[in-house]
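Asker: Got a sequence here, can you build the structure:
(chains A and B)
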Number of protein chains: 2
Amino acid sequence: MSKARPYRLRAAIEALPATVPFVGPEAQERASGKRFMARIGANECVFGPSPKAVAAMAAAEAELWKYADPEGHELRHALARHHGVQAGNIVLGGGIDGLLGIVARLFVEAGVAVVTSNGAYPTFNFHIAGNGGALHKIPYREDREDIAALLDAAGRTRARILYLANPDNPMGTWWPAADVARAIETLPDDCLLLLDEAYGDFAPEATAPPIDAGDPRVLRFRTFSKAYGMAGARVGYCIGEKGLIAQFEKIRDHYGMNRTAEIGAMAALADQDWLRATVEKTAAARKRIAEIAKANGLAPIPSATNFVTIDCGRDSAYAKAVLAGVLDRGVFIRMPGVEPLSRCIRVSAGQPADLDAFATALADTLRALG
Amino acid sequence: MSKARPYRLRAAIEALPATVPFVGPEAQERASGKRFMARIGANECVFGPSPKAVAAMAAAEAELWKYADPEGHELRHALARHHGVQAGNIVLGGGIDGLLGIVARLFVEAGVAVVTSNGAYPTFNFHIAGNGGALHKIPYREDREDIAALLDAAGRTRARILYLANPDNPMGTWWPAADVARAIETLPDDCLLLLDEAYGDFAPEATAPPIDAGDPRVLRFRTFSKAYGMAGARVGYCIGEKGLIAQFEKIRDHYGMNRTAEIGAMAALADQDWLRATVEKTAAARKRIAEIAKANGLAPIPSATNFVTIDCGRDSAYAKAVLAGVLDRGVFIRMPGVEPLSRCIRVSAGQPADLDAFATALADTLRALG
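Answerer: The predicted model follows:
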């Protein structure tokens, strides 16, 4: 080894901080030396994948020596039928995270303006920063992403991309479909809307505007990670106008999808009964989390997702103390990272026993905090 | 829809061709309307994953609602023990393809010189082109990657990256460890060697130089896709100096790994008996492919991989005709894409029945070609 630093990174990479969007629960368990008794912090779906998906995947493992079809033909066609679009309107990716990474590479380079909400999905910011984009972060308004202000900022900054999650993470709030449709119609020229609908399956009927697969002004992001209960599979997809979707082919990792996961996604998609049951169980869990919050004098924020964000009623330092207390009592939850959202904690839907554990941990924590 | 093209791609993306590194066998089956009777074209491992890995994955599918540990702690530590390095020397990725994509983003931008062999791994070229790099392609010499010429070109072009696969794909040839070690010692200043050892498990004992995890001049790429029989899982890893490996954290998709696949990889790694048996079955298959080639008057090239590249003895057009004839007879194989390598066809190790089918298809094809 003759030289201290015998390689030349891109200058933009040298300048990037070594941030990680989220620390995982496993790392927290390793640090504390204790296993969590409830895992309700990462908006995973504790109700699990459809048993039919589990069976299909288990049956497929012996064939894992085969690469997945790089065109994802069967799953894309099944999704196209499901959404009433064509297969050419759909691209598969390694979850929405992976797809956002590709979009960032397609559109963003040094100096490109991108608009999002301040405190919205950190992984989106991670990918934009990783490509040198200039992020403009617009404050939430009454705990919702502020569509009017986002549109205004996109026009003012000549943004190439506007990110909107509906329903939103980390607040769980949402806009009715009509408002989102109006936002699409009033987008500034040449600004693409990334509409992250990861939590859309949990939302009331008229939350997602109808899909217009011929409209090149918007990309819709969906996933098997949330309501389909397959976060660990890494199967997401993006719906959009064909010419725009075709751009993904230029840079995506064509052999990047797990073959078994695609087979599982096919089976999960076919089992809409399981999906409905999951959505019902999730709604019941949301109700219970809200009751626990209120019983402890805290204010749950109405949610259209699989989590409930709870206003702890004081500042970030207090919410952090609540979070720490709940974690310390063996219940994995999270909290928003940015003020004023960070006056809250965020609790994912859980099994009844998970929520019992949360109820106890929260009450004990608040008592200890005085 | 008010505008024809209401988004602004990066200019470099606009200019990229919509090439795909490889068309999959499934697409060929859809085009022909016939299923292949033997799938021995993509260097997949027909002998499959360890049954212990299959069982571990099947048992894990019900837990797929969990994201994988973003730090990949258990698998990285198991790999570190296996290779006698530390976990900080290892980064996991979605196969070597996915890792090469990250390396391209770390090092390559418009105008950066990169050196590879002409006809070597197309997916590497795809990632370099996708980041605007200037590829310098050095001819093979006697069907091997020409290390001396590659080093010379790297110095001449001030390349940031030099790609070398050992053993090589698509020719199956290899260099002894001592030659690779010498190449590392004589790398031009500031040029990083990407040593793709995807096929290393099949190679003779002294093919891979010892791993010096403190040496920041080289990144070693390994995978569960080949000898471990898990191509569809998308689990590869890169071994390197800690500071260099830490750079991956800045841009990699931290939650991008399939959870079940990591569990399968752990079990596969623990079953070295199965790996040895696979390597033996592969060696027997290589021998059989070589015999089939010779029996048909063609010249197999000695291989240290899980495929045999067969010199058809004439030009590219002839090899293409042989390829087409074999495909048409229901046997999926491939051929190198660039002259003079494209005088050959490439046949992956198969089960005895797969190779019987190949023998028949090849003989019939050559007879038909006259």
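
Asker: need the strands for chain A, in chain order.
Answerer: Per DSSP state E, chain A carries strands over the ranges A:38-39, A:90-93, A:113-117, A:134-138, A:161-165, A:192-196, A:218-223, A:236-239, A:299-300, A:307-311, A:331-332, A:344-348.

Asker: Does the fourth one reach chain B?
Answerer: Okay, so that is strand A:134-138. No - for strand A:134-138 and chain B, the contact criterion (CB under 8 Å from any CB of the partner chain) is not met; the two come no nearer than 14.2 Å. In short, each C-beta sits where N, CA and C put it, glycine included.

Asker: Pick the most buried one from the strands of chain A.
Answerer: Neighbour counts (mean count of other CB atoms under 10 Å in any protein chain shown) averaged over each of the strands of chain A peak at strand A:344-348, with a mean of 28.

Asker: can you tell me if that one touches chain B.
Answerer: No - on the criterion CB under 8 Å from any CB, strand A:344-348 is out of touch with chain B, staying 10.7 Å away.

Asker: Residue A:342: what's it in contact with?
Answerer: A:119, A:316, A:319-320, A:335-336 (CB atoms under 8 Å, 6 or more residues apart in numbering or on different chains).

Asker: which among the residues you listed end up buried?
Answerer: With burial judged by 16 or more other CB atoms under 10 Å in any protein chain shown, the buried subset of the contacts of residue A:342 is A:119, A:316, A:319, A:335-336.

Asker: Output the strands of chain A in CSV, with mean pLDDT appended to each entry.
Answerer: What follows is the strands of chain A, written out as CSV (pLDDT from 0 to 100):
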stretch, mean pLDDT
strand A:38-39, 98
strand A:90-93, 98
strand A:113-117, 98
strand A:134-138, 98
strand A:161-165, 98
strand A:192-196, 98
strand A:218-223, 98
strand A:236-239, 98
strand A:299-300, 98
strand A:307-311, 98
strand A:331-332, 98
strand A:344-348, 98
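
Asker: ok so, going back, can you name the two of the buried ones among the contacts of residue A:342 that are farthest apart?
Answerer: Farthest apart among these by CB to CB are A:119 and A:319. That separation is 12.8 Å.

Asker: now residue A:254: how far from chain B?
Answerer: Look at residue A:254 and chain B: by CB to the nearest CB, to the nearest Å, they are 6 Å apart.

Asker: I meant residue A:348, not that one.
Answerer: Residue A:348 is 11 Å from chain B, where distance means CB to the nearest CB.

Asker: shouldn't that residue be in contact with residue A:42?
Answerer: Yes - using CB atoms under 8 Å, residue A:348 makes contact with residue A:42 at a distance of 6.7 Å.

Asker: hmm, back to that, what would the buried ones among the contacts of residue A:342 look like in JSON lines with pLDDT and distance to chain B?
Answerer: Below are those laid out as JSON lines (pLDDT from 0 to 100; distance: CB to the nearest CB, whole Å):
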{"residue": "A:119", "pLDDT": "97", "distance to chain B": "19"}
{"residue": "A:316", "pLDDT": "98", "distance to chain B": "24"}
{"residue": "A:319", "pLDDT": "98", "distance to chain B": "23"}
{"residue": "A:335", "pLDDT": "97", "distance to chain B": "18"}
{"residue": "A:336", "pLDDT": "97", "distance to chain B": "18"}
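
Asker: Just name the closest of these to residue B:139, please.
Answerer: Distances from residue B:139 to those, taken by CB to CB, are shortest for residue A:119, at 54.6 Å.

Asker: Which elements pack onto the helix or strand of chain A with the lowest mean pLDDT?
Answerer: Across the helices and strands of chain A, mean confidence by mean pLDDT, DSSP states H and E is lowest for helix A:11-15: a mean of 90. Secondary-structure packing of helix A:11-15 (3 or more CB pairs under 8 Å, 6 or more residues apart in numbering or on different chains; DSSP states H and E): helix B:95-107.

Asker: would you list every one of the helices in the stretch 101-250 of chain A?
Answerer: Remark: helices assigned in the stretch 101-250 of chain A by DSSP state H, counting those that start in this stretch are A:122-130, A:147-157, A:177-185, A:242-248.

Asker: domain assignment for chain A?
Answerer: For chain A, automatic domain parsing gives the domain ranges A:19-48+A:273-369, A:51-270.

Asker: which non-adjacent residue is nearest residue A:246?
Answerer: Nearest residue to residue A:246, sequence neighbours excluded (CB to CB, 6 or more residues apart in numbering or on different chains): residue B:18, at 6.5 Å.

Asker: oh, I was asking about residue A:51
Answerer: Closest to residue A:51 by CB to CB, 6+ apart is residue A:274, at 7.5 Å.

Asker: Next up, the contacts around the one you found.
Answerer: Neighbouring residues of residue A:274 by CB under 8 Å, 6+ apart: A:50-52, A:268.

Asker: try 10 Å
Answerer: Contact partners of residue A:274, counting by CB atoms under 10 Å, 6 or more residues apart in numbering or on different chains, are A:47-53, A:227-229, A:267-268.

Asker: Residue B:79: which of those is nearest?
Answerer: Of all those, residue A:49 has the smallest distance to residue B:79: 27.7 Å, by CB to CB.

Asker: Can you give me the neighbour number for that closest one?
Answerer: Per other CB atoms under 10 Å in any protein chain shown, the neighbour tally for residue A:49 reads 30.

Asker: ok, now residue A:243?
Answerer: So residue A:243, with other CB under 10 Å, has 13 neighbours.

Asker: Once you drop chain neighbours, what's closest to it?
Answerer: Excluding the flanking residues, the one nearest residue A:243 by CB to CB, 6+ apart is residue A:216, at 6.6 Å.

Asker: And for that neighbour, the neighbour number?
Answerer: Residues lying near residue A:216 (other CB under 10 Å) number 20.

Asker: Report the contact partners of the nearest residue in space to residue A:353 that is not next to it in sequence.
Answerer: Using CB to CB, 6+ apart and skipping the chain neighbours, the partner closest in space to residue A:353 is residue A:38 (7.4 Å). Residue A:38 makes contact with A:46, A:326, A:329-333, A:347-348, A:350-351, A:353-358, A:361 under the criterion CB under 10 Å, 6+ apart.
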